[in-house]
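J.: What shape does this take:
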Amino acid sequence: QVRLVESGGGLVQAGGSLRLSCAASGLTFTTATMGWFRQGPGKEREFVAAISWSGRTTDYSDSVRGRFTISRDDAKNTMSVQMNSLKPEDTAVYYCVADISRHFGDRHPDSFDYWGQGTQVTVSS
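T.: Numbering: from 1, shown residues only. Just a heads-up that it's a prediction; the model follows:
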């Protein structure tokens with residue numbers, strides 16, 4: 001049974017930072033592309049960032065590039081995203097996702113096989 005468990009969400013002021021983590025189990029983590037999606041209030045779910053199974057390639061949406069940094073620790077089966085210079089528009093539920101097909105670069109939600117339950121990030125102005 002695959003489980004993706006997010007942690008690290010919370011309330012932060014604009015300009016602040018948060019670090020989200022995702023603990024994965026039940027899958028071969030070292031061959032999974034990992035990523036983050038988010039869904040803000042009244043918005044569709046959108047791609048945030050992804051990291052390839054090798055860890056050598058990353059992808060970011062234009063809205064977070066330069067502010068967010070995704071990383072993975074294969075020894076711990078965890079993946080994280082460091083979020084800096086947060087803006088009120090970053091307010092959303094953030095979901096950890098996994099793609100076990102070794103594909104990389106497809107940002108469509110359907111390309112990811114597994115999803116976590118989500119963690120709330122709220123950025124106050």
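J.: tell me which element the residue nearest to the spatial centre of the chain falls in.
T.: Nearest to the geometric centre of the chain sits Trp36, at 2.2 Å (Cα atoms, centre = their mean). Assigning secondary structure by DSSP states H and E places Trp36 in strand 33-39.
J.: What strands line up against that strand, and which way round?
T.: The sheet places strand 33-39 alongside strand 46-51 (antiparallel), strand 92-99 (antiparallel), with pairing taken from DSSP bridges.
J.: and Asp106, which of those strands is closest to it?
T.: Distances from Asp106 to each of these were compared by Cβ to Cβ, and the smallest falls on strand 92-99, at 7.9 Å. C-beta coordinates here come from the backbone N, C-alpha and C atoms, glycine included.
J.: Quick check: mean pLDDT of stretch 28-41?
T.: For stretch 28-41, the mean pLDDT works out to 96.
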